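S.K.: Need a 3D model of the sequence below.
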Amino acid sequence: MPEPGRARQLDRAATLAAWAAFAVVAGLFVWLLADVAWRGLGALSWEFLTEAPRRAGRAGGIGPIIVSTLLIVAVAMAVAAPLGLACALWLSEYARLSPRAGRTARASLDILAGMPSIVFGLFGNALFCVALGLGFSIVSGGLTLACMALPLLIRAVEQGLRAVPDDYRQAAAALGVSRWTITRQVLLPAAMPGLIAGLVLGIGRALAETAALIFTSGYVDRMPNSLMDSGRAMSVHVYDLAMNVPGGERHAYATALVLVGLLLTINGAAAGLGRWWLARSGVRP
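M.R.: This next block holds a predicted model:
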């Protein structure tokens, strides 16, 4: 056992290391945000947010790009949220009866979570665009992003459900309450912070994805008329302006700034929703 003086030194060193790690991460975030804002604020305007791109994106705005991005994310979350919740419920509540199946499912999810996005893009193109005949469309892009978001969403929700004490389950079962009622009225409310965290992670990955969408939703920058139309996401637009359009850097940074702002807004809204839910449930955050 270390001496009291030695213990204080170790505690002080650990505290300094933790603060240093926080300062590095926060500094990188502020540096990145400031650089994007410095280069992109000059191009931001109401017209930029509402008009269609012109001259390959060098002029005009990103109105159709924003609409396509939101539609792709909406399709992805509409598919991933119920599937992810159902799979997480199975892993946390029913896979206990079959531990081998649970271990196999978790290993598969961990592998999928680390899979390169280009692989998901090729898979989405082969399955949704070609095999199912959906073509380059918002639906194809959204379904591909749903496949990418599912591993993160499932693991986050599962951890939230597994964190609920078994006493809750046992007390409800002792009262003769059915398993579905226990899940709906006891487990899901208690695991709501984990569900919100999983949704935020899934939305964040969907908003930031580029490679998978190039092969599924396409490059078309006009306003989509339906979910079966091709649509260009903001991340794809940034890539195209920065890599393929000479003179497009200014609008690329402006689009990146809008994308970061949208992501921060979604994260803030999710954090507020989580605090509201905890306060409504009588749990102090």
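S.K.: In stretch 11-28, which residues are buried?
M.R.: Across stretch 11-28, burial judged by 16 or more other Cβ atoms under 10 Å covers no residue at all. In this view, the C-beta of every residue, glycine as well, is placed from N, C-alpha and C.
S.K.: Give me the distance between it and the centre of its chain.
M.R.: The chain centre lies 27 Å from the centre of stretch 11-28; the measure is Cα atoms, centre = their mean, to the nearest Å.
S.K.: Please apply the same query to stretch 265-278.
M.R.: 14 Å.
S.K.: avg pLDDT for it?
M.R.: The pLDDT scores in stretch 265-278 average 75.
S.K.: So what touches that stretch?
M.R.: Residues from elsewhere that reach stretch 265-278 (Cβ atoms under 8 Å, 6 or more residues apart in numbering): 189, 192-193, 196-197, 199-200, 203-204, 207, 284-285.
S.K.: Strands of the stretch 1-150 of the chain, start to end?
M.R.: Taking DSSP state E, counting those that start in this stretch as the test, the strands found in the stretch 1-150 of the chain are 53-54, 59-60.
S.K.: what about Ile65, how many neighbours?
M.R.: 27 (other Cβ atoms under 10 Å).
S.K.: contacting residues for it?
M.R.: By Cβ under 8 Å, 6+ apart, the residues touching Ile65 are 53, 221, 232-234, 237, 255.
S.K.: Among the residues you listed, find the lowest-pLDDT one for me.
M.R.: Lowest pLDDT among the contacts of Ile65: Asp221, 86.
S.K.: Would you verify that that one is located in a strand?
M.R.: No - per DSSP: H, G, I helix; E, B strand; the rest coil, Asp221 lies outside any strand segment and is coil.
S.K.: Count the residues that sit near it.
M.R.: By other Cβ under 10 Å, neighbour count at Asp221 equals 22.
S.K.: list the contacts for it?
M.R.: Asp221 neighbours (Cβ under 8 Å, 6+ apart): 52-53, 57, 64-65, 232, 237.
S.K.: PyMOL command to pick out the buried ones of the contacts of Ile65?
M.R.: Selection of buried members from the contacts of Ile65 for PyMOL, criterion 16+ other Cβ under 10 Å:
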select buried, resi 53+221+232+233+234+237+255
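S.K.: And the contacts of Ile65, which is closest to Leu109?
M.R.: Ala233 (24.7 Å; Cβ to Cβ).
S.K.: Look up phi and psi at the closest one.
M.R.: Dihedral pair for Ala233: phi -80, psi 160, per degrees, to the nearest 10.
S.K.: Do I have it right that it meets Ile66?
M.R.: No - with contact defined as Cβ atoms under 8 Å, Ala233 and Ile66 do not form a contacting pair (9.6 Å).
S.K.: gap between Leu153 and Ala270?
M.R.: For Leu153, the distance to Ala270 (Cβ to Cβ, to the nearest Å) stands at 13 Å.
S.K.: Which of these two has more residues huddled nearby?
M.R.: A direct count of neighbours by other Cβ under 10 Å for Leu153 and Ala270 places Leu153 higher, at 30 against 18.
S.K.: in which helix or strand would I find the more buried one?
M.R.: Leu153 is part of helix 138-162 when elements are defined by DSSP states H and E.
S.K.: Report the mean per-residue pLDDT for that helix.
M.R.: Per-region confidence: helix 138-162 scores 88 on mean pLDDT.
S.K.: give me the low-pLDDT residue ranges for the chain?
M.R.: Residue ranges of the chain with pLDDT under 70: 1-5, 274, 277-278, 280-285.
S.K.: in it, which spans are helices?
M.R.: With DSSP state H, the ranges of helices along the chain come out as 4-40, 46-50, 63-89, 99-113, 117-124, 138-162, 166-174, 179-182, 188-190, 192-208, 211-214, 234-244, 249-281.
S.K.: Many thanks, I have nothing further to ask.
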